[in-house]
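In: Prediction below, plus the sequence it came from.
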Amino acid sequence: MIRLCWNRGRLARLVRQRPRRSKRARRPRSQVLLLLLLCFVVTPTVAQVRRPEPVKGDAALEERLNKLSQELRCLVCQNETLAESRADLAEDLRDEIRQQMKAGKTDPEIIAFLTERYGQFILYRPQVTPTTYLLWFGPFVLLLAGLAVLFYYIKQRRDQIAEQPLSLEERRRAEELLRSGSGKETA
């Protein structure tokens, strides 16, 4: 079916109308709304499903894990230790550490494995190495440089201000002002 469209009183173009769908092909709005509502209700509950905590059978192993994870950084949070973080990656890393501890590896071996895999960034307190000198000593160097500049600036300003003693006339006027000022205060 062809329909004529009018634009500002003139024949503008011919537009072909689409044939209407049959009533069976249309979905009722209530079904669509029900489907959307179901998506909004189910999605948050699925997102909050978390895997169960691992079975903590050996208290000594868990204490060792907690002590070691205090020395490691969460790669997601970056400002928390691995023990404090609740991120999924942190849980995976704790599981990995737990498995390695059960396999009989020592703490230095586990730390070496993690630093090899994730780099020095995983250490919460980075080691002092030539590559981290700036990280460790940079703030102190900047503080000392700032103090040196401040003292140099103050010394230069002090040298620029010339102290001139009062002339005899200025001294006489100051003494008069002091005498007349002290008399007003006592009265």
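Out: Looks like it came in fine.
In: tally of neighbours for residue 82?
Out: 26 (other CB atoms under 10 Å). Bear in mind the C-beta positions are built from the backbone N, C-alpha and C, glycine included.
In: which residues touch it?
Out: If a contact means CB atoms under 8 Å, 6 or more residues apart in numbering, then residue 82 has 69, 70, 72, 73, 74, 90, 93, 94, 124 as its contacts.
In: What subset of the residues you listed is buried?
Out: For the contacts of residue 82, a neighbour count by 16 or more other CB atoms under 10 Å gives the buried set as 69, 72, 73, 74, 90, 93, 94, 124.
In: Redo those as a markdown table? Include pLDDT and distance to residue 117.
Out: A markdown table is the format used below for the buried ones among the contacts of residue 82 (pLDDT from 0 to 100; distance: CB to CB, whole Å):
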| residue | pLDDT | distance to residue 117 |
| --- | --- | --- |
| 69 | 91 | 15 |
| 72 | 92 | 12 |
| 73 | 91 | 13 |
| 74 | 89 | 15 |
| 90 | 90 | 15 |
| 93 | 92 | 10 |
| 94 | 93 | 15 |
| 124 | 85 | 16 |
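In: Which parts of this protein are helices?
Out: Using DSSP state H, the helices of the chain run over residues 29-47, 59-69, 88-102, 107-118, 133-160, 168-186.
In: any idea which of the ones you listed scores lowest on pLDDT?
Out: Mean pLDDT per stretch puts helix 29-47 lowest among those, at a mean of 69.
In: Which members of the buried ones among the contacts of residue 82 define the maximum pairwise distance?
Out: Pairwise distances across the buried ones among the contacts of residue 82 peak at 14.2 Å for 94 and 124 (criterion: CB to CB).
In: Out of the contacts of residue 82, which two sit at the greatest distance?
Out: The two members of these with the most space between them (CB to CB) are 94 and 124, at 14.2 Å.
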